[in-house]
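Participant: Fold the following, please.
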Amino acid sequence: MTVATLGDREIHVDEEGFLTDPTEWDEALAAVLASNIGLELSPAHWRAIEFARADHTATGETPTLRRMATEGGISTKEMFALFPKKPAKKMSYVAGLPKPVGCV
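Facilitator: Coordinates of the predicted model:
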């Protein structure tokens, strides 16, 4: 486990930069993480992030794109528009969650 400094705070991350302790996450950190990958968060981004965090709390796993669509009501097409190229990976990074299983 690595400690990274973002802004004025230290967070615990894995070798790919994903938070290892989701309790260190807050909305201000999400904005910094989004900026790191070239995103500016909109209300649609927040809807995806809030669903993902709630689902992670309930299931103990980061939701996949399929789960985001079926349970979260956010289509795969919309996820690609919000988080281009690697939507599940980028969404989980910004949401402070582990990388989804099956994500490369």
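Participant: If I look at the spatially most central residue of the chain, what pLDDT would I see?
Facilitator: Geometric centre of the chain, nearest residue: S92, 2.3 Å, by CA atoms, centre = their mean. Looking at S92, its pLDDT stands at 95.
Participant: For it, give its distance to I74.
Facilitator: Distance, S92 to I74, by CB to CB, to the nearest Å: 14 Å. Backbone N, C-alpha and C define where each C-beta goes, glycine included.
Participant: Next up, the contacts around A48.
Facilitator: A48 makes contact with M68, G72, I74, M79, L82, F83, M91, A95 under the criterion CB atoms under 8 Å, 6 or more residues apart in numbering.
Participant: Closest one to E24 out of those residues, please.
Facilitator: A95 (12.2 Å; CB to CB).
Participant: and that closest one, how many residues sit next to it?
Facilitator: A count of neighbours around A95, defined by other CB atoms under 10 Å, yields 27.
Participant: ok, now the one 5 residues further on?
Facilitator: One way to gauge burial is a neighbour count; for P100, by other CB under 10 Å, it gives 20.
Participant: again with V32
Facilitator: Based on other CB under 10 Å, the number of other residues close to V32 is 13.
Participant: give me the element it is part of.
Facilitator: Per DSSP states H and E: V32 is located in helix 27-36.
Participant: ok, now how distant is A34 from A48?
Facilitator: Taking CB to CB, one finds A34 at 11 Å from A48.
Participant: Distance-wise, check E16 relative to P63.
Facilitator: 18 Å.
Participant: Between those two, which is the more surrounded one?
Facilitator: Each of E16 and P63 had its neighbours counted (other CB under 10 Å), and the higher figure belongs to P63 (27 against 10).
Participant: chain center to the host helix or strand of F80, what's the gap?
Facilitator: Using DSSP H and E, F80 sits in helix 76-82. Averaging C-alpha positions (CA atoms, centre = their mean, to the nearest Å) puts helix 76-82 14 Å from its chain's average.
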